[in-house]
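Asker: Provided below are the primary sequence and the corresponding predicted coordinates.
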Amino acid sequence: FRSNICVADVSAQVQFSNQRAVTGDEPEWDPTDLGPAWSPDGQRIVFARDGESINEIRPDGTDETIVLAAGQSNAVYELSGPVYSLDGGTIVFTGSPTSPYGYPAVRTGGTDQSDLYAIAASGGTPRVVLARPGEDSQPAFQPTADLSVTLRATPTTIAVGDATTLQLTVTNHGWSTAPATGVVLVLPSGLTPTAIRSGTGSCVLNELRCSLGTLAVGGTVTVTVDATGLATGTAVVTGTASSSRYDPDESDNTGRVSVIVGTAPDVAVTVAVAPAPGYVGGDPIVVTYTVGNRGSLDAAGVQLAIDVPTDLVTAVEVSPPAPARACDVPVRTCVLGVVGPTTADGGAVVTVKVTIGPKSPVNTAAVGTVSATTDSDLGDNTASAPLRVLAPVVTVTPRTGEAGFVPRVVGTSFPPGAQVLLRWDHGITQRTTPVTVAADGTFTMPMMVFNRDVLGPRVLQAVGVAGQRFAMVTANYLVVSGHDQPDQWLYRR
């Protein structure tokens, strides 16, 4: 008998008038075309012809091709019931294996043997999908929806009382639609939801649940939740999607994101000066500004304003260095960028070291003021430390004396504990051991002028030989003959 493949609009009652034959225009013979099935994209129809071939054709009856012809070369006969895979790339059908004589195989007892085969829709060699004793026929593909979930938070770090936005995106990667798609989010106690919304469907805030309806193949929908930080810690949010259709891979149906809830940034600064005090011409003075963040969240936009005698600054060092960290010249402001929370051991701080060259006396304060984009406590943003540079002074009393006289030398504002060597710039200097400066920065020592030593002006020199350094200090002295009296001094020859 002859049978053709026809298409019809089933939205109305099917009659001959609204049917259209797709096959059946072969005048030479009357083929039997059975078991039609649509491709997933609706662009082709597959069917079995006379049990001898699997054919494809367009719905308008054009472009008919033979996907597989029965025969010994393909080792399969009695072709029937073809269906497309969900992606349209494979055709599965029923067939019978050949016997050694080229006829359909039979089981013991005379029962026919039929198996399920698969072949690429473009053609090729069929492969066995299912082969077991008996007749296997009428294959069908189970519709599947493969949902995946991505979950992100913006921002991922917030302070207690601040808000973050959670976005859960569901995508259907399957070959079939996903009916009754829904999502459920779970927020830990450190976060509280304040609003929930989605691009489609409806949501319930107190359940953190959304019903999204049917998600098309390749379709995507986003659910947005606004949440506020309640308690410090790391809050792990989860979101899960599901549908009423089978999902072959549920490993990607749940997404997770961590939100760090902490205390707001609190930048603070301390100032230290060493050595303190310094001495003119001595060791460089280093003013160390230490900037820390007492909050548990990063402080952004941190800047340090510095107040020191800029004409004495010889060097500036920022540690740890970073591309965004720099100080202007002359030093007034340092841009420090982001400063992380200070650790329990004092780590994660930024230090700015300003080196002062002690060229002249100074009696002021080194002041630092720190600021940030967000700062929960402004009371610790300014600090200061005394910045002093002393100029040692030595005096000789009296300032005039005859040869053989022993004047008294007094030093003030010297580094405590330093050892000072006294000497005349010319004439004879008595061999002496260095004098040690007292804790109050002073010393007193006799300084002999030998008999018959050179007369006239000379200079007493005080030179440091140990301890904190300073520039050489001098005092003028006048040696006169015995006929002249020293200033304000009476004695008997």
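Answerer: Nice, I can see it.
Asker: How about residue 44: what's its closest non-neighbour residue?
Answerer: The spatial neighbour of residue 44 that comes closest, neighbours along the chain excluded (Cβ to Cβ, 6 or more residues apart in numbering), is residue 56 at 5.2 Å. Placement of C-beta: from N, CA and C, glycine included.
Asker: would you list every one of the strands in the stretch 101-250 of the chain?
Answerer: Secondary structure of the stretch 101-250 of the chain (DSSP state E, counting those that start in this stretch): strands located at 115-120, 127-130, 147-154, 157-159, 163-172, 178-186, 191-198, 202-204, 209-215, 220-229, 233-242.
Asker: export these to JSON lines and tack on mean neighbour count and distance to residue 468?
Answerer: Below are the strands of the stretch 101-250 of the chain laid out as JSON lines (neighbours: other Cβ atoms under 10 Å; distance: least, Cβ to Cβ, whole Å):
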{"stretch": "strand 115-120", "mean neighbour count": "20", "distance to residue 468": "90"}
{"stretch": "strand 127-130", "mean neighbour count": "13", "distance to residue 468": "92"}
{"stretch": "strand 147-154", "mean neighbour count": "18", "distance to residue 468": "56"}
{"stretch": "strand 157-159", "mean neighbour count": "19", "distance to residue 468": "47"}
{"stretch": "strand 163-172", "mean neighbour count": "21", "distance to residue 468": "55"}
{"stretch": "strand 178-186", "mean neighbour count": "20", "distance to residue 468": "65"}
{"stretch": "strand 191-198", "mean neighbour count": "16", "distance to residue 468": "58"}
{"stretch": "strand 202-204", "mean neighbour count": "14", "distance to residue 468": "73"}
{"stretch": "strand 209-215", "mean neighbour count": "20", "distance to residue 468": "74"}
{"stretch": "strand 220-229", "mean neighbour count": "20", "distance to residue 468": "53"}
{"stretch": "strand 233-242", "mean neighbour count": "20", "distance to residue 468": "51"}
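Asker: thinking again about what came up before, report how many residues lie close to the residue nearest to residue 44.
Answerer: 21 (other Cβ atoms under 10 Å).
Asker: out of the strands of the stretch 101-250 of the chain, which comes closest to residue 359?
Answerer: Nearest to residue 359, of all those, is strand 157-159, at 46.9 Å by Cβ to Cβ.
Asker: Strand partners (parallel or antiparallel) of that closest one?
Answerer: Partners of strand 157-159 in the sheet, by DSSP bridges, are strand 254-262 (parallel).
Asker: helices or strands up against the helix or strand bottoming out on mean pLDDT in the chain?
Answerer: The helix or strand of the chain with the poorest confidence is strand 19-21; it has a mean of 78 (mean pLDDT, DSSP states H and E). Strand 19-21 sits against strand 6-8, with contacts defined as 3 or more Cβ pairs under 8 Å, 6 or more residues apart in numbering; DSSP states H and E.
Asker: Give me the sheet partners of the strand it packs on and which way each runs.
Answerer: Partner strands and pairing direction for strand 6-8 (DSSP bridges) are strand 19-21 (antiparallel).
Asker: roughly how far is the very next helix or strand once past the partner strand from the heart of the chain?
Answerer: Along the chain past strand 19-21, the next helix or strand (assigned with DSSP states H and E) turns out to be strand 33-38. Taking Cα atoms, centre = their mean, to the nearest Å, one finds strand 33-38 lying 57 Å from the centre of the chain it belongs to.
Asker: In terms of secondary structure, what does strand 33-38 contact?
Answerer: Counting contacts by 3+ Cβ pairs under 8 Å, 6+ apart, strand 33-38 packs against strand 45-49, strand 76-84.
Asker: Going by neighbour count, list what's buried in the least confident helix or strand of the chain.
Answerer: Residues of strand 19-21 include none that count as buried (16 or more other Cβ atoms under 10 Å).
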